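Visitor: Got a predicted model here, sequence first, then my questions.
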Amino acid sequence: MVSKAKSYQDNVSYQLSACRVSAISHSRSVANGQGQRLNAYLSAFE
């Protein structure tokens, strides 16, 4: 039971990190079109 919960937790955290990475790269490309100010703002969250 413990190992099953652990693998579920790992799976959820993996999905969250993958979602976060794609959101960051998407925001980066948007920021590149809008200027460096947003890029500096986004890099604060890395």
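Guide: Ah, there it is.
Visitor: Could you count how many residues lie near residue 27?
Guide: Neighbour count of residue 27, defined by other Cβ atoms under 10 Å: 15. Where C-beta positions appear, they are placed from N, C-alpha and C, glycine not excepted.
Visitor: can you check residue 13 too?
Guide: 10.
Visitor: what helix or strand does residue 5 sit in?
Guide: If you go by DSSP states H and E, residue 5 is part of helix 2-34.
Visitor: could you give the mean pLDDT of that helix?
Guide: Helix 2-34 shows a mean pLDDT of 78.
Visitor: what's it packed up against?
Guide: Applying 3 or more Cβ pairs under 8 Å, 6 or more residues apart in numbering; DSSP states H and E, we find helix 2-34 packed against helix 36-43.
Visitor: Report the separation between residue 37 and residue 45.
Guide: Remark: distance between residue 37 and residue 45 (Cβ to Cβ, to the nearest Å) = 15 Å.
Visitor: Residue 19 too?
Guide: Taking Cβ to Cβ as the measure, residue 19 falls 14 Å from residue 45.
Visitor: hey, what's in contact with both of the two?
Guide: Shared contacts of residue 19 and residue 45 (Cβ atoms under 8 Å, 6 or more residues apart in numbering): none.
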